[in-house]
Structures are given as C-alpha cells and as structure tokens.
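> Structure of the sequence below:
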Amino acid sequence: MAKPHKCIAVLLLLTFACARALPPEESVPEPPAPVVVATPSTAQCEGTEPQEADLAPMAASIEARLAEQMREEISTRVAAEVALQLAAMAPPSVAAIKVAPARVERNVEPPADAVAEVPQFDTETVWRVSLSGMEPQLGPRTAAITLVLWSSIDCALCRQQVGVLDEIIRLYGERVRLVWKSHPAPQSEADEWAAQAACAAIRQDRFWEYRQRFREAGSEPRNESFFVSIAKDVGMDPVRFRRDMLSGACRQHLDADRDIAARVGIVAVPSLTVNGRKTPEVVSMEVLQEIISEELAKVAAMEVDGIAAERIYDDLVADGEVQR
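Model prediction:
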C-alpha cells in the first residue's frame, strides 16, 4: 500500500499552486489559464507508491510555474499602481476646469507711474474786495497795485509773510499800497482780543507801530494788561486805548471785516489779494511779482483810457466775484 503522506503532499502542492495562480479580481480583468498538472489518481496512490525520482521533476515543474505566476501577479499589480499614480499626477482636462468669475477690485491703487493731477490755485478770478476807508494802509491811495492783507497781529504764520511784503513795498515804492484787514481765528478768545487791540491802535493812528511792537513781544500772557502796556510803549493814550478796545465800535469794525472776508471766500490767514486777485496763503516772491506785473500792464491800459488813478482800484473790483 502506498504511503499516504506522499500523496497528501502532492495534493497540497497542487492546491497551493492553483490558489496562487488565481490573481485578485480587482487587479486583473481576466484570470490566467489554470495550471494543468498531471494529478495522480486514487488508484495510483493506493496501488503503487511513487518513487522519489518521479516526484522530483513534478515538484520542480510546480515550483517553476508558481514562480512564473508570482512574477505575472507582481507585474500586474505594479502596472496597475503606476497607472493610478500617473492618473493622479496628470493635469485636469480643459473640459473639467471650472473657470471662476473675475473678481472686481473696488479699491485698486493707481499705478506707480500715474501722476496725480493737483488742482492749481486760482489767481485769475477777480473778487469784489471792497474797502471802507477805515483800514490802516501803507502807500498812497492812488497806487496802481492794492494789496489787501487779511491777517492777525498774533499769528505766527503771518509773520513769515511780513518779509515778502516789506520787500515788495521796497521794490515798487509808490506804485503799491498795503491795506490791513483783521481776521481773527474763529472761537479763539486770544485772537479776538488781539484784533480789538489792533482796532484801538487804528483809532489812534498807531497801528503799524503797535503791530511791530507786538511782534517783538515775548510769550507773555495775552491779557488786558499786556495789550495796554504795548499801547503805552508806542506812545498811545492807555485810557483811551482800553476804552476803544472794549467799545462796540471796534466790534462793529471786526464784524464788517468778517463779512467782506466771507463774501470773497477768505477762510484762513494770512490771505492776500492783489487788485482783487487771490494768492496762495504763503505766497512766494516770484508768484507775487508775476501777478503784480500783469496788473501793472492792465493799469497802464486804464491810464491811457484816462481813468483817474484814485478810481483804478474801485473800477478793477467793481464787477468782481462775490460768494452768495
């Protein structure tokens, strides 16, 4: 009788070979052909005993077939994995791309090379800057050029303009007159007191001396005693000065200057008009001389037409602009 363990070994080898020969269903679409191995029948196992020489070639054949099936399975799995990786790395097709709507930028900064247009100061318009005749002035009433300065005697920025105006008066002499109008800062009690003190100095015909002495004063408190002391220094009657400074007449004088300033659009000091034409707040010598040259040519034509010198300024501003 044949040894059963040898037949069992052969059957196990055949079963294992067939099981490994079948690849997974998800890896390959069709399984490879089954391994055909000559399987000994039961009669053979029962009747005759296979010899070692017969089993060796059979085992070698099975082993070779198994090795080939394993190589095919590994190759198939590797190919499938590589295909999946390539599909994941490939860019999406044009049809699959969904184009997002363009975003509208609301606050886009202009290009660096874009040049912003800066509005030019209007020096051409003539404004109806009327004079009451009570304003202090330097120069003759018949001057061809009338400079109206809106300022405050206690304004630090206004002091920077004094040098330019002094130089203009020196250069043009009797052809220019400088007229002063007070324009204290709104809601400033110190500026209001300074403007009323300037009015009191005007009433004693000491305004320009008072302004000069005020400009040279230090940082003393701006109170009533301070204003009266400067009036004494320039030779004014202190009692009359104090009475005028507190009087309703000076308040009316300031209100009249404020009213004219509002009509011609004066909002800050220092402000200057040249025969009714506005200049920038802090005007340079070059700009001022250019405007004066244009006005001198205009006045020369009026003089040829026979217009009296004392009427020139009034005629120039008679039809000037007024803010309603």
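> Next, the buried residues of stretch 304-314.
312-313 (16 or more other C-beta atoms under 10 Å). Heads up, the C-betas are built off the backbone N, CA and C, glycines and all.
> Show me the contact partners of it.
131, 141-142, 144, 146, 275, 299, 302-303, 315 (C-beta atoms under 8 Å, 6 or more residues apart in numbering).
> can you rerun that using 10 Å?
Stretch 304-314 has contacts (C-beta atoms under 10 Å, 6 or more residues apart in numbering) with 129-131, 140-146, 148, 177, 179, 275-276, 295, 298-299, 301-303, 315-316, 318.
> Could you list which of these belong to helices?
Among these, the residues falling in helices (DSSP state H) are 295, 298-299, 301-303, 315-316.
> wait, S229 sits on R222?
No: checked against C-beta atoms under 10 Å, the pair S229 and R222 is beyond contact range at 11.5 Å.
> of these two, who's got more company?
Neighbour comparison, S229 and R222: the larger count goes to R222, with 17 against 13 (by other C-beta atoms under 10 Å).
> Which secondary structure state does that one sit in?
Three-state call for R222 (DSSP: H, G, I helix; E, B strand; the rest coil): coil.
> what's the closest non-adjacent residue to it?
Nearest residue to R222 in three dimensions, chain neighbours excluded: A190, at 4.7 Å (C-beta to C-beta, 6 or more residues apart in numbering).
> Ok, G139 next?
Excluding the flanking residues, the one nearest G139 by C-beta to C-beta, 6+ apart is R177, at 3.0 Å.
> what about the one you found, distance to A144?
9 Å (C-beta to C-beta, to the nearest Å).
> Tell me which of those two has more neighbours.
Counted by other C-beta under 10 Å, R177 and A144 do not tie: A144 has more neighbours, with 23 against 20.
> For A60, the count of nearby residues, please.
Neighbourhood size, A60 [other C-beta under 10 Å]: 10.
> what pLDDT, on average, does the helix or strand harbouring it get?
Using DSSP states H and E, the element containing A60 is helix 52-89. Mean per-residue pLDDT for helix 52-89: 66.
> Now stretch 277-294: buried residues?
Result for stretch 277-294 [16+ other C-beta under 10 Å]: buried residues 277-279, 281, 283, 288, 291-292.
> Can you tell me which one of those sits lowest on pLDDT?
Lowest pLDDT among the buried residues of stretch 277-294: E281, 79.
> what residues are up against the residue lying closest to F207 once chain neighbours are set aside?
Residue nearest to F207 in three dimensions, not counting chain neighbours: P136, with 4.0 Å by C-beta to C-beta, 6+ apart. Contact partners of P136, counting by C-beta under 10 Å, 6+ apart, are 178-182, 198-199, 201-202, 205-208, 210-211.
> I'd guessed the residue nearest to G139 sits against A143; true?
Yes: contact criterion C-beta under 10 Å: R177 and A143 qualify, at 4.0 Å.
> Find residues that contact each of the two.
By C-beta under 10 Å, 6+ apart, the residues touching both R177 and A143 are 137, 313.
> Could you pull up phi and psi at Q204?
phi -110, psi 10 (degrees, to the nearest 10).
> The residue nearest to G139 bridge partners, please.
T146 (DSSP bridges).
> Could you count how many residues lie near G173?
10.
> close enough to count as contact, it and A143?
Yes: taking contacts as C-beta under 10 Å, G173 lies within contact range of A143: 9.1 Å.
> what residues do the two have in common as contacts?
With C-beta under 10 Å, 6+ apart, G173 and A143 have no common neighbours.
> ok, back up a step: quick one: the residue nearest to R222 from F226, how far?
10 Å.
> Which is the succeeding secondary structure element to the helix or strand hosting the residue nearest to R222?
In the assignment (DSSP H and E), A190 maps to helix 189-203. Tracing the chain past helix 189-203, the next element assigned as helix or strand by DSSP H and E is helix 207-216.
> buried sites along that next one?
Applying 16+ other C-beta under 10 Å to helix 207-216 flags 207-211, 213-214 as buried.
> same question, stretch 163-177
So stretch 163-177, judged by 16+ other C-beta under 10 Å, has buried residues 164-165, 168-169, 172, 175-177.
> in stretch 142-160, what counts as buried?
Judged by neighbour count using 16+ other C-beta under 10 Å, the buried positions of stretch 142-160 are 143-155, 158.
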